[in-house]
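K.L.:
Kindly return the folded structure for what I paste below:
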Amino acid sequence: MREGLKIFKIGGGIIDDERQLRQFLRELAQVPGRKLLVHGGGKGASQMLRDLGIEPQMVQGRRITDAATLDIVTMFYAGKTNKQVVAGLQAEGVNALGLSGADGNAIQAVKRPVRDVDYGFVGDLPAHAVNVPLLRQLLETDLVPVFCAITHDGAGQLLNTNADTIASTLARALAPHYAVALHYCFEKDGVLRDVNDDTSVIPQITAAEYQALKAAGVIAAGMVPKLDNAFAALEAGVERVVIEHALRINEPVKTVLCRS
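P.N.:
A predicted model of the protein is given here:
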């Protein structure tokens, strides 16, 4: 029987709130077994850009990352934010190690090609992006890797990369070696049947049910890319995907996604 591995992804809403981040890290410390954390960047990088007179540019919710923006998001994501998360876990007795994709060549991306939009220094993740032997070695020493949303191209160029995609790609890459459960943690208790009712959590969604809910417009637009990624991970061998509240990861109310 393969050993279990839980991969947690937290978004900017938790990162931006010091109290909530501290509570999440306390909850994470109580999760037994091997685990790995991926975090987004939050609003701090955008505020820092504005403070420097650079207006953040977004297209369809995705950041345009020019050279100046890349400098700032690297400082913020791989520096301040990542080290705050690692320090918070150390305070809870968790031996965490902060990483970007460049560290140990952990995650190697390719620069997104220019099509309708030039996203600048943004990374996409190919099939063999993850340095699996490195991560297995870290996990076997009971370290908890903590990844920020910065990768590299192997030729010296850092790249801003979507944290949800990093989490999903890590889960797929490690699925042949561990029984992987991928946890997307945010500010709701799961996938809601009614976005205006926080108690309307759907406890389980199969791939077929997801397509029906999406077609009916029940799934909120912002949740669709996350769930598309999640079901793709299940198809690629990830055993379990969970959508849950970041401050209640040890409680039973959540949405579990399954193939059938």
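K.L.:
Tell me how many other residues surround residue 7.
P.N.:
Residue 7: 27 surrounding residues under other Cβ atoms under 10 Å. Quick note: C-beta positions are derived from backbone N, CA and C, even for glycine.
K.L.:
Make sure it is indeed in a strand.
P.N.:
Yes. Assessed by DSSP: H, G, I helix; E, B strand; the rest coil, residue 7 belongs to a strand.
K.L.:
That one touches residue 181, doesn't it?
P.N.:
Yes. Counting by Cβ atoms under 8 Å, residue 7 does reach residue 181; the two are 7.2 Å apart.
K.L.:
show me where the protein has helices.
P.N.:
Taking DSSP state H as the test, the helices found in the chain are 12-15, 18-29, 44-51, 67-73, 82-91, 132-140, 163-174, 207-215, 224-235.
K.L.:
I'd like to know which of those is closest to residue 156.
P.N.:
For residue 156, the closest of the helices of the chain is helix 67-73, at 12.8 Å, according to Cβ to Cβ.
K.L.:
what does the closest one contact?
P.N.:
Identification of contacts with helix 67-73 by Cβ atoms under 8 Å, 6 or more residues apart in numbering yields 41, 45, 48-49, 52, 54, 56-57, 63, 65, 120-121, 149-150, 158-160.
K.L.:
Mind doing that once more with 10 Å?
P.N.:
41, 44-49, 51-54, 56-57, 63, 65, 79, 81, 120-122, 148-150, 157-160 (Cβ atoms under 10 Å, 6 or more residues apart in numbering).
K.L.:
Tabulate the helices of the chain (JSON lines), appending distance to residue 241 and mean pLDDT.
P.N.:
Shown next, in JSON lines, are these (distance: least, Cβ to Cβ, whole Å; pLDDT from 0 to 100):
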{"stretch": "helix 12-15", "distance to residue 241": "18", "mean pLDDT": "88"}
{"stretch": "helix 18-29", "distance to residue 241": "17", "mean pLDDT": "96"}
{"stretch": "helix 44-51", "distance to residue 241": "27", "mean pLDDT": "88"}
{"stretch": "helix 67-73", "distance to residue 241": "27", "mean pLDDT": "94"}
{"stretch": "helix 82-91", "distance to residue 241": "22", "mean pLDDT": "98"}
{"stretch": "helix 132-140", "distance to residue 241": "19", "mean pLDDT": "97"}
{"stretch": "helix 163-174", "distance to residue 241": "8", "mean pLDDT": "95"}
{"stretch": "helix 207-215", "distance to residue 241": "11", "mean pLDDT": "91"}
{"stretch": "helix 224-235", "distance to residue 241": "4", "mean pLDDT": "88"}
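K.L.:
what sits in contact with each of residue 7 and residue 181?
P.N.:
Jointly contacting residue 7 and residue 181 under the rule Cβ under 10 Å, 6+ apart are 35, 171, 238, 241.
K.L.:
Contacts only, for the last one.
P.N.:
So the one you mean is residue 241. If you count contacts by Cβ under 10 Å, 6+ apart, then residue 241 has 7, 168, 171, 180-184, 205, 226-227, 229-234, 255-259 around it.
K.L.:
Across the sheet, point out what pairs with it.
P.N.:
Beta bridges link residue 241 to residue 182, residue 257 when assigned by DSSP bridges.
K.L.:
same check, this time on the first one
P.N.:
Residues in a beta bridge with residue 35, per DSSP bridges, are residue 6.
K.L.:
My read is that it contacts residue 5, right?
P.N.:
Yes. The criterion here is Cβ atoms under 10 Å, and residue 35 meets it with residue 5 at 7.1 Å.
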